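structure, please.
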Amino acid sequence: MSTPPLVVIGAGPIGLSAAAHAVSRGLDVVVLEAGPQAASSVLEWAHVRLFSPWSEVIDPVAATLLVGCGWEPPEPTAYPSGADWAARYLQPLADALDATDHAQVHYGARVTGVSRQGRDRLVDDGRLEAPFTVLVTTAGATERLTARAVIDAGGTWATPNPLGTDGLPALGEHEAARRISYRVPDLRDVATRNRYAGRHVALAGTGASAQTVLAELGALADSEPGTRVSWLVRRASASGSFGGGTDDQLVARGTLGDQARRVAGSGVVRTVTGFRTTGVGTAADGSLTLTSVDGQQVGGIDEIIAVTGFRPDHTVVGELRLGLDPVLQAPTALAPLIDPNLHSCGTVYPHGATELAHPEPGFFLAGMKSYGRAPSFLALTGFEQVRSIVAAVAGDREAAERVELVLPETGVCGGAGAFDAPEDSCCAAESDILPMPVHTS
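Residues are numbered from 1 along each chain as shown. A predicted model of the protein is given here:
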């Protein structure tokens, strides 16, 4: 590449979409993926089915590139699993990009730092004219790449929130780590199924991932007597935790909420409200006991599933001058548009390069990472983000500012609300990943 390329961190759905848009504009782009293949994080939840159909999880520009390579698009109204998304779209897209003259996709390439060439974050002189330096570690060596711009679409999958209610690990959480899962378990896997079958499972979380776990454990209990769940809900009521039902414009998401509601009302689940975990202890018989900030305890636990959302890790871009909201850790201009403490509806205002910009021109967060700690990110949002960002990188300001986005509403409120507000008020937050899962059994 004769001029510094655009560097994209992450070969997931949004990073690959960014690369496809770059190629469509004739820009050179390098995609750096820490995992061994495209969509490595997606493959860690391969068993989970998306809320959105194929028509809403394929970038149109990427589809054009793929069709030109002989790709057969999936049935648009079908719902893919994570495995389907990776095998039928994301890996083929990475391969198609790598076959062009403008893109390179590197696997096993972990980004360990991003800065301005020859300048740490303190240096002003010549900063805006200097290209970016990207430090990349592979199995064999560490090297520096020069970039004209950087899009960090690395996601948040690797940094789940802890079980502790104050954002810190609960006392004893690390010691009990082998019995705590921070992911939706794959109960079709024999070893995983045996881990939970006939056991007392504590579930923390109220978002779509928690709903999925409720539905899955309910199905497990039907075939494995003795399986029971203590569902730990931080707020005073769990009644607002099941989504919009028939009012949800994502039908599968509404169906999931209905499934979870039925399981929660069965004898399998004991719902414990107002429970904010501060401690994990081990009893004499080897079982676990969880303690809440108000002294409540739930004991006799065999396994814990904590699906309480994710958070961004900005360590590798610590030498850049970022404009991050102090609450969400999202770009400053984007935060008011997505803050669950302020918004009570399932809509997202149109946003693109302008809202995603930082005091460091040419650097952008995109995808789930751009949302910081805010939940409910959809693939459609990310596709529009990178369309606008790449247009800005290419110097097409008119296209960058022409942002249009219409997302399906939940049919229920989505803000975080008051600290002790009941969850059936207009303030039930949904913590989840991209994409959002639905029960598959």
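
please count neighbours and contacts with C-alpha atoms only from this point.
Will do.

other SSEs contacting the strand or helix carrying residue 61?
Using DSSP states H and E, residue 61 sits within helix 60-67. Counting contacts by 3 or more C-alpha pairs under 8 Å, 6 or more residues apart in numbering; DSSP states H and E, helix 60-67 packs against helix 13-24, helix 91-98.

most distant residue from the middle of the protein?
residue 284 (37.8 Å; C-alpha atoms, centre = their mean).

ends of stretch 222-237, what's the gap?
Its first and final residues considered, stretch 222-237 spans 26 Å by C-alpha to C-alpha, to the nearest Å.

what do you get for stretch 37-51?
Using C-alpha to C-alpha, one end of stretch 37-51 lies 24 Å from the other.

thinking again about what came up before, now for the helices and strands packed on helix 60-67, which one comes closest to residue 203?
helix 13-24 (28.7 Å; C-alpha to C-alpha).

after the closest one comes which helix or strand?
Taking DSSP H and E, what comes next after helix 13-24 is strand 29-33.

where does this structure have low pLDDT?
Along the chain, segments meeting pLDDT under 70 span 1-2, 240-253, 342-348, 406-441.

picking up where we left off before, and the helix holding residue 61, how far from the chain's centre?
In terms of C-alpha atoms, centre = their mean, to the nearest Å, the centre of helix 60-67 is set 24 Å apart from its chain centre.

show me the contact partners of it.
17, 20-21, 24, 73, 92-93, 96 (C-alpha atoms under 8 Å, 6 or more residues apart in numbering).

tell me where the stretch 201-350 of the chain has strands.
Under the criterion DSSP state E, counting those that start in this stretch, the stretch 201-350 of the chain contains strands at 228-232, 269-272, 277-282, 288-292, 297-301, 303-306.

tabulate these (TSV), appending mean neighbour count and distance to residue 166.
Listed next are the strands of the stretch 201-350 of the chain as TSV, based on neighbours: other C-alpha atoms under 10 Å; distance: least, C-alpha to C-alpha, whole Å:
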stretch	mean neighbour count	distance to residue 166
strand 228-232	23	15
strand 269-272	18	18
strand 277-282	21	8
strand 288-292	21	11
strand 297-301	17	17
strand 303-306	22	14
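
to residue 377, which of the ones you listed lies closest?
Nearest to residue 377, of the strands of the stretch 201-350 of the chain and by C-alpha to C-alpha, is strand 303-306 at 19.5 Å.

partner strands of the closest one and their direction?
Strand pairing for strand 303-306, determined by DSSP bridges: strand 180-181 (parallel), strand 200-204 (parallel).

looking at those, which is buried most?
strand 200-204 (a mean of 24; mean count of other C-alpha atoms under 10 Å).

can you pull the contacts of residue 14?
Per C-alpha under 8 Å, 6+ apart, neighbours of residue 14: 153, 366-367, 379, 382-383, 386.

redo that, cut-off 6 Å
Taking C-alpha atoms under 6 Å, 6 or more residues apart in numbering, we find residue 14 in contact with 367, 382.

measure it to residue 381 for me?
9 Å.

sorry, back to before: would a markdown table of the strands of the stretch 201-350 of the chain with distance to residue 118 be doable?
A markdown table is the format used below for the strands of the stretch 201-350 of the chain (distance: least, C-alpha to C-alpha, whole Å):
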| stretch | distance to residue 118 |
| --- | --- |
| strand 228-232 | 50 |
| strand 269-272 | 55 |
| strand 277-282 | 45 |
| strand 288-292 | 50 |
| strand 297-301 | 54 |
| strand 303-306 | 43 |
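
so which of these is nearest residue 209?
Among the strands of the stretch 201-350 of the chain, strand 303-306 sits nearest to residue 209 (C-alpha to C-alpha), with 9.6 Å.

hang on, the earlier thing: minimum distance to residue 179: which of the strands of the stretch 201-350 of the chain has it?
Comparing the strands of the stretch 201-350 of the chain by C-alpha to C-alpha, strand 303-306 comes nearest, at 5.3 Å.

residues contacting the closest one, please?
Contacts for strand 303-306 (C-alpha under 6 Å, 6+ apart): 163, 179-182, 201-204.
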